[in-house]
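J.: Provided below are the primary sequence and the corresponding predicted coordinates.
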Amino acid sequence: MLDAALADAVAAFPAVDVRPFRDMIEGMRMDLARSRYATFDVLYLYCYRVAGTVGLMTVPVMGVSPDSGADLGTVYAGALALGVANQLTNILRDVGEDARRGRIYLPQDELAMAGISEADIFAGRVTDQWRSFMKGQIARARAYFRQAEQGAAQLNQESRWPVWASLLLYRQILDEIEANDYDNFSKRAYVPKAKKLAALPKAYLRSLKKPPSSQRQ
Ligand SMILES: CC(C)=CCC/C(C)=C/CC/C(C)=C/CC/C(C)=C/COP(=O)(O)OP(=O)(O)O
């Protein structure tokens with residue numbers, strides 16, 4: 001059953017598709033049913049369902065710039081990528097907190113390849129293997145942020161500033177994990193207020209840029 005507020009939004013924005021809403025509910029079910037992710041494919045599916053869906057839901061509401069020459073697929077792919085990037089970042093920041101609840105949102109096959117056991121995670125061991133594993137996970141999250149940038153640049157002028165701001169702010173959490181020397185067990189990666197504030201004018205300047213003409217088709 002979809003509620004009245006959703007019915008209202010779908011009526012106001014006919015381009016809103018109900019599919020991401022259903023997929024998000026599936027994501028919540030998935031989180032209840034499992035506490036381990038065998039591969040990145042499974043983890044990606046979870047990230048799509050609980051966060052990528054939010055990106056897909058918001059595109060019709062935010063709208064695409066009339067100056068955009070990119071196809072709609074690029075914009076939706078960017079929105080999906082921003083949700084996934086945010087969720088992966090959230091997961092990497094919260095490894096310790098999740099482990100204390102018995103949950104590990106990291107690909108088990110990649111952990112095994114890196115020589116990291118569940119016992120290492122539950123004990124919060126920041127070893128060289130852990131640092132190197134984390135470097136790979138951070139690089140992957142950053143790749144999704146880069147893809148998101150291409151979509152963000154195509155949005156309507158009014159939507160670009162908040163989207164750039166959230167992208168720049170959330171991405172900084174990854175820098176803070178690095179600054180904590182990859183100890184995401186006992187330290188919470190936290191972006192200081194001054195850095196957060198500094199991101200806002202940066203996001204504003206980016207939002208003034210018209211969609212790049214190289215994307216025109
Ligand atoms: C880039 C383009 C074209 C559009 C933008 C599309 C958008 C707005 C994408 C962002 C989607 C989004 C905000 C996803 C949520 C991701 C996320 C990490 C939520 C965190 O949720 P919780 O897990 O409740 O957070 P805490 O753990 O901090 O409580």
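T.: Okay, I see it. Numbers count the residues shown, from 1 in each chain.
J.: in a strand, that's where Ile104 is, yeah?
T.: No. With DSSP: H, G, I helix; E, B strand; the rest coil as the criterion, Ile104 is assigned coil and is not in a strand.
J.: OK, contacts around it?
T.: 35-37, 95, 98, 111, 118, 121 (CB atoms under 8 Å, 6 or more residues apart in numbering). Bear in mind the C-beta positions are built from the backbone N, C-alpha and C, glycine included.
J.: would CSV of those residues with distance to Tyr46 and neighbour count be doable?
T.: Formatted as CSV, the contacts of Ile104 follow (distance: CB to CB, whole Å; neighbours: other CB atoms under 10 Å):
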residue, distance to Tyr46, neighbour count
Ser35, 11, 12
Arg36, 11, 14
Tyr37, 7, 24
Val95, 15, 23
Asp98, 13, 18
Leu111, 16, 19
Glu118, 18, 13
Ile121, 18, 18
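J.: and the closest residue to Pro60 other than its chain neighbours, its phi and psi?
T.: Excluding the flanking residues, the one nearest Pro60 by CB to CB, 6 or more residues apart in numbering is Ala15, at 3.6 Å. In terms of degrees, to the nearest 10, the main-chain angles of Ala15 are phi -70, psi -10.
J.: distance of Ala15 from the ligand?
T.: 14 Å (CB to the nearest ligand atom, to the nearest Å).
J.: can you verify my assumption that that residue contacts Gly63?
T.: No. Counting by CB atoms under 8 Å, Ala15 sits too far from Gly63 to count as a contact (9.2 Å).
J.: more crowded one of those two?
T.: Gly63 (17 against 10; other CB atoms under 10 Å).
J.: okay, now the closest residue to Gln108 other than its chain neighbours: neighbour count?
T.: Once flanking residues are discounted, Gln108 sits nearest to Ala38: 5.2 Å by CB to CB, 6+ apart. Using other CB under 10 Å, Ala38 has 11 other residues around it.
J.: so who does the closest residue to Ser132 other than its chain neighbours touch?
T.: Spatially, and ignoring its direct neighbours in sequence, Ser132 is nearest to Ala114 (6.7 Å; CB to CB, 6+ apart). Contacts for Ala114 were tallied using CB under 8 Å, 6+ apart; they are 129-130, 132-133, 136.
J.: for Ala114, give its distance to the ligand.
T.: Per CB to the nearest ligand atom, Ala114 is found 24 Å from the ligand.
J.: do the same with Ala9
T.: Note on Ala9: its distance to the ligand, by CB to the nearest ligand atom, is 15 Å.
J.: is it fair to say that residue lies in a helix?
T.: Yes. Ala9: assigned to a helix according to three-state DSSP.
J.: what's the pLDDT at Gln215?
T.: Gln215 carries a pLDDT value of 45.
J.: and the residue nearest to Ser132, how close does it get to Leu92?
T.: According to CB to CB, to the nearest Å, Ala114 and Leu92 sit 14 Å apart.
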